[in-house]
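Chemist: build me a model:
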Amino acid sequence: MAIPSDYLERVYAGVLGKLIGVYLGRPFEGWSYDRIMAELGEITGYVHERMGVPLVVTDDDISGTFTFIRALPDHDNTPAISAAQIGRTWLNYIIERRSILWWGGLGNSTEHTAYLRLKHGIAAPESGSIARNGKVVAEQIGSQIFIDGWAMVTPGDPERAADLARRAASVSHDGEAVFGAQALAAMEAQAFVEFDIVRLLDTALRVIPADSLIARLIQDIRDWHAGEPDWHVARKRIADRYGYDTYGGGVHMIPNHALIVLGLLYGAGDFSRSLTIVNTSGWDTDCNSGNLGCLLGIRGGLAALEDGVDWRGPIADRLYLPTADAGRAITDAVRETYAVANIGRALAGEPPLAPKGSARFHFSLPGSVQGWQVQPGDATMTLENVPTQGSSTERSLALHYRLQAGQLARAATPTFTPPEALAFTHYALDASPTIYPGQALRAHLTASAANVARARCRVYLAVYGEGAAVERAASVERGQLGSDRRGTGDGLRLLEGPEALLDPGHAETITWRIPDTGGDPIAQVGLAMVGESLDDGAVLLEALSWDGAPSVTFARPAHAGTAWRRAWANAIDQYDERWPEAFRLTQNEGTGLLITGTRDWIDYTVSSTIVPHLVAACGLAARVQGLRRYYALVLAPGVARLVKALDHETVLAEAPFAWSFDGAYTLRLTVRGPHIGCAIDGTTLFEITDTDHPLLDGGIALLCTEGRMATDAVMVAPLGQ
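Modeler: Predicted coordinates for the structure are as follows:
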């Protein structure tokens, strides 16, 4: 498999096409064609404002697409990855009844049914089979929804894409649902090297059985398209022959796959026209629109998205991936593009790409803003992705400003759950902040050579907590959150950082050691332009990033806010706020984790004084990469253990330890490279080196097995502190 020369930008266009399609169709998901035409008319652009809902939301279509593909890097990017390994990836990242899936119940939701099979030891592909779950459940739409990533890592290789799609889809689906996923994946993979729509459909037919229902509907729609110019008439034919009333279940694969083919043919490759057709046609609009948007993004590249409708601006690259890997929940289209493309490069034997020293924000792709948006205020600012001054290959984010003396203009990007997202209910946003006290932030800035005066630029953070809320955040919160549980500490307050004075054409790096925030999570990082006179100019943000272990104490703040609790991904049966302890965890069955931190954390020490109460086991975990990938120091009956979870649990060390219910024990884990050190109450118990696939990065967690435990604080510190 050779990597096309424009592979990276085509993946980016595919990722954006997926986001655009999902966000476009999401507000009226499940509506019929007749209702859409009556209440909205033909869908020619975003309708969220007309319907009074946010545009950028948590969504299963996005979360599953960019989470399940992690099975490849989690298993050394082997092209021989099995359905069973992909199923174990589900169990690592999915938080039961909270993230990714539609939790509609056994026998009702296909994905929930498959998850329960996996949870109870039935491995894939049996977990999704017709033999186990029945034909109706196994042939719903979910296999198609989550399949785009498997195509984007196999550019120009539709057979491999279809093979990987079969394995991934069979975790939860079977029969025609798998064929539909294979057909779509093959077209998307081929779209990297083939522009002709007829040939793309030929590719789809080549990878599925000729006598399958998917193959028949593709040919039917091709025949109708050849003789009928009106897509509305063709849609009616689909409804009559392949409509919802023909198949069981809630959201069947066949009708929805037919609408993707309808939009592809009648849209004739035009991005906006195709999305108009597939969304106006109804049924599972966000899923169908997301798949078709991804396919057309890959096929036409970024130029396909620039067809007269501002698809990219309102999104600003933003997306959320709530999983048990909590530190990756707040992300953007550029970061996910590089993650997908680097999997594809690994499969092709190519080294990974890491622009500008692996900076978190580097703006290397045309038009990218990575979630940065102008904050409402008194001054004028616009953002633009531009070539970096003096470079023919690199790009930067230009902050164009017009200021009077004393005026401010701000631009920022989320680093944790935004105020409006605290209210998400359909799919909750379980997330950890991406930046923490003690880490070193660096912003690389250059003043435009065309400026006529020096530029004054300041880095800042917006932090949840007590105090005067930033006015724009307060207004959003009042409209979205209500006042029953928000308390006085869920507004945003600003922490102003250092600043640079930049003469025209001058470059400087601002460095800032992030200060203690009193346990409050950091919600945004931003740049403020400060007017010194009548200024009209631009500053280029070339890169912004942070690194190092945090120095932070997680505890209940003095104020009455609740956002600090939301900084932990909740995979615990009961994690209530009414108790005197900051963290009281109750797990009714099995092992639950309360997780925070990011995969950027490498070497550090984590400690906490925990109190077990009628619990089978409890402890403290480090290098957490999900629910089944971590190291943990655990108090079990009569012993202390160092365990490693990597799909299954292994005891790395064990020693007798007499502990009792309601006693207080200070646990300490130190991780340095492959070395793990453990201590209880200041006494070292274990020092081991893990040489078998060691876990080398990740956040922290409190761990509870069948019972109750509590603590008032968890501390993370750099080594030697």
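Chemist: span of stretch 419-434 from start to end?
Modeler: Using Cα to Cα, to the nearest Å, the end-to-end distance of stretch 419-434 comes out at 16 Å.
Chemist: and it, what's buried?
Modeler: The neighbour-count check on stretch 419-434 (16 or more other Cβ atoms under 10 Å) flags 419-424, 427-434 as buried. Any C-beta I mention is one placed from the backbone N, CA and C, and that applies to glycine too.
Chemist: pick out whichever of those residues sits closest to G491.
Modeler: Among those, P419 lies closest to G491 (Cβ to Cβ), at 8.2 Å.
Chemist: touching, that closest one and A462? I think so.
Modeler: No. Taking Cβ atoms under 8 Å as the definition, P419 is not a contact partner of A462, at 9.6 Å.
Chemist: and the residue nearest the centre of this structure?
Modeler: L321 (2.3 Å; Cα atoms, centre = their mean).
Chemist: now do the same contact list for that residue.
Modeler: 62-63, 66-67, 328-329, 331, 336 (Cβ atoms under 8 Å, 6 or more residues apart in numbering).
Chemist: now with 10 Å, please.
Modeler: 58, 62-67, 70, 93, 99-100, 328-331, 335-336, 429-431 (Cβ atoms under 10 Å, 6 or more residues apart in numbering).
Chemist: cool, and E508?
Modeler: 443-447, 457, 499-502.
Chemist: and T670, bridged to which residues?
Modeler: Listed beta-bridge partners, T670: T605, G677 (assigned using DSSP bridges).
Chemist: what about it, how many residues close to it?
Modeler: Residues near T670, counting by other Cβ atoms under 10 Å, number 20.
Chemist: the one 3 residues further on too?
Modeler: Neighbouring residues of G673 were enumerated by other Cβ under 10 Å; the total is 11.
Chemist: for the one 5 residues further on, same thing?
Modeler: When neighbours are counted by other Cβ under 10 Å, C678 registers 27.
Chemist: give me the pLDDT for it.
Modeler: C678 is assigned 98 on the pLDDT scale.
Chemist: that one is in contact with I688, isn't it?
Modeler: Yes. Contact criterion Cβ atoms under 10 Å: C678 and I688 qualify, at 8.4 Å.
Chemist: the strands in the stretch 401-550 of the chain, which residues?
Modeler: 408-414, 440-447, 455-465, 491-502, 507-513, 522-530, 535-547 (DSSP state E, counting those that start in this stretch).
Chemist: pull out the buried positions in the second one.
Modeler: If I follow you right, that is strand 440-447. Buried, per 16+ other Cβ under 10 Å, within strand 440-447: 441-447.
Chemist: for L620, state which of those is nearest.
Modeler: When these are compared against L620 (criterion: Cβ to Cβ), the nearest one is L441, at 27.6 Å.
Chemist: beta partners for the closest one?
Modeler: Applying DSSP bridges to L441 gives these bridge partners: W512, W546.
Chemist: give the contact list for it.
Modeler: Counting by Cβ under 10 Å, 6+ apart, L441 has contacts 360, 435, 459, 461, 497-498, 510-514, 525, 544-548.
Chemist: cool, and P229?
Modeler: Going by Cβ under 10 Å, 6+ apart, P229 touches Y266.
Chemist: next: A632.
Modeler: Going by Cβ under 10 Å, 6+ apart, A632 touches 591, 593, 617-624, 641-645, 649, 652, 667, 669, 678, 700-703.
Chemist: quick check: which element contains it?
Modeler: In this structure, A632 sits in strand 629-636 according to DSSP states H and E.
Chemist: doesn't V624 make contact with L646?
Modeler: No. Assessed by Cβ under 10 Å, L646 is found out of contact with V624, at 11.9 Å.
Chemist: shared neighbours of those two, anything?
Modeler: 630-631, 695.
Chemist: nearest to Q190, of these?
Modeler: Comparing the shared contacts of L646 and V624 against Q190 with Cβ to Cβ places L695 closest, at 37.0 Å.
Chemist: burial of that closest one, as a residue count?
Modeler: 19.
Chemist: list phi and psi for it.
Modeler: phi -90, psi 120 (degrees, to the nearest 10).
Chemist: who's in contact with the residue lying closest to it once chain neighbours are set aside?
Modeler: Take L695 and drop its neighbours on the chain: the residue closest to it by Cβ to Cβ, 6 or more residues apart in numbering is R623, 4.3 Å away. When contacts are counted by Cβ under 10 Å, 6+ apart, R623 is found next to 597, 599, 601-604, 606, 629-632, 644, 669, 671, 676, 690, 694-701.
Chemist: so R623 sits in a strand?
Modeler: Yes. Assessed by DSSP: H, G, I helix; E, B strand; the rest coil, R623 belongs to a strand.
Chemist: what's the distance between it and I676?
Modeler: According to Cβ to Cβ, to the nearest Å, R623 stands 8 Å off from I676.
Chemist: tell me, what's touching the two both at once?
Modeler: Jointly contacting R623 and I676 under the rule Cβ under 10 Å, 6+ apart are 631, 644, 669, 690, 694-695.
Chemist: tell me the one among the residues you listed nearest to A165.
Modeler: L695 (28.9 Å).
Chemist: A645 is in contact with that closest one, correct?
Modeler: Yes. Judged on Cβ under 10 Å, L695 makes contact with A645 at a distance of 8.8 Å.
Chemist: among the contacts of L321, which are in strands?
Modeler: Using DSSP state E, the members of these that fall within strands are 330-331.
Chemist: buried subset of the contacts of L321, written for ChimeraX?
Modeler: Of the contacts of L321, the buried ones go into a single ChimeraX selection, burial set by 16+ other Cβ under 10 Å:
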select :58,62,63,64,65,66,67,70,93,99,100,328,329,330,331,335,336,429,430,431
